[in-house]
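J.: sequence-free structure coming up:
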């Protein structure tokens with residue numbers, strides 16, 4: 001159904017936002033990585049970032065950034081104790097945000113498909129990766145924006161980005177990854 005809806009969406013220069021929605025650890029990053037590989041195999045130019053989790057002893061201990069075009073990796077966050085609260089939180093590497101934003105901006109301008117993974121609480125509040133997605137650029141090539149979105153933050157992020165044309169909850173079996181990749185490929189080919 002999602003692939004059919006993408007095919008029915010009005011054609012034109014507007015960016016089509018496709019959101020893969022799920023809870024933390026549900027497989028958003030894995031699905032986005034597989035979808036990007038399928039799109040590349042179909043000849044599309046894919047860029048942006050994904051945000052793989054780092055695990056130690058079976059526990060999520062942090063995140064890194066992965067450049068979807070080059071495979072280059074950069075540290076993003078590590079689990080740290082929050083002072084005085086007895087809780088664990090994530091400490092973000094300050095240089096990570098400029099690194100990620102540079103790759104998002106470059107992909108918006110130069111790639112057909114832009115992937116941005118792990119939009120969550122920071123983006124729902126207007127921070128994180130959101131500024132790189134919403135700033136004005138002189139020209140953009142990207143026709144498809146693939147997003148990995150935390151379920152509890154999806155309504156706020158959708159409102160900030162101007163709406164999702166299509167969504168797929170990770171609990172859904174439809175469409176197949178191949179059908180979605182075919183629909184995105186057709187959409188990008190029609191836009192050229």
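T.: Done, it's in. Here the structure is a predicted model, which is why all the values come from computation and not from measurement.

J.: all helices of this protein, in order?
T.: All helices of the chain, identified by DSSP state H, fall at 2-8, 28-41, 96-110, 121-124, 130-134, 154-161, 177-191.

J.: between those, which gets nearest to residue 69?
T.: When those are compared by C-beta to C-beta, helix 96-110 sits nearest residue 69, at 6.8 Å. Yep, even glycine has a C-beta here, placed from its N, CA and C like the rest.

J.: remind me what the closest one packs against, helices and strands.
T.: Packing contacts for helix 96-110, counted by 3 or more C-beta pairs under 8 Å, 6 or more residues apart in numbering; DSSP states H and E, involve strand 46-50, strand 59-67, strand 73-82, strand 113-119, helix 130-134.

J.: between those, which gets nearest to residue 189?
T.: strand 113-119 (11.8 Å).

J.: can you list contacts of the closest one?
T.: Applying C-beta atoms under 8 Å, 6 or more residues apart in numbering, the contact partners of strand 113-119 are 28-29, 32, 36, 39, 44-51, 63, 68, 104, 107-108, 128-130, 132-133, 142-150, 153, 157, 184, 188.

J.: thinking again about what came up before, single out the most deeply packed of the helices and strands packed on helix 96-110.
T.: strand 113-119 (a mean of 27; mean count of other C-beta atoms under 10 Å).

J.: how far off centre is that one?
T.: Distance, stretch centre to chain centre, for strand 113-119: 2 Å (C-alpha atoms, centre = their mean, to the nearest Å).
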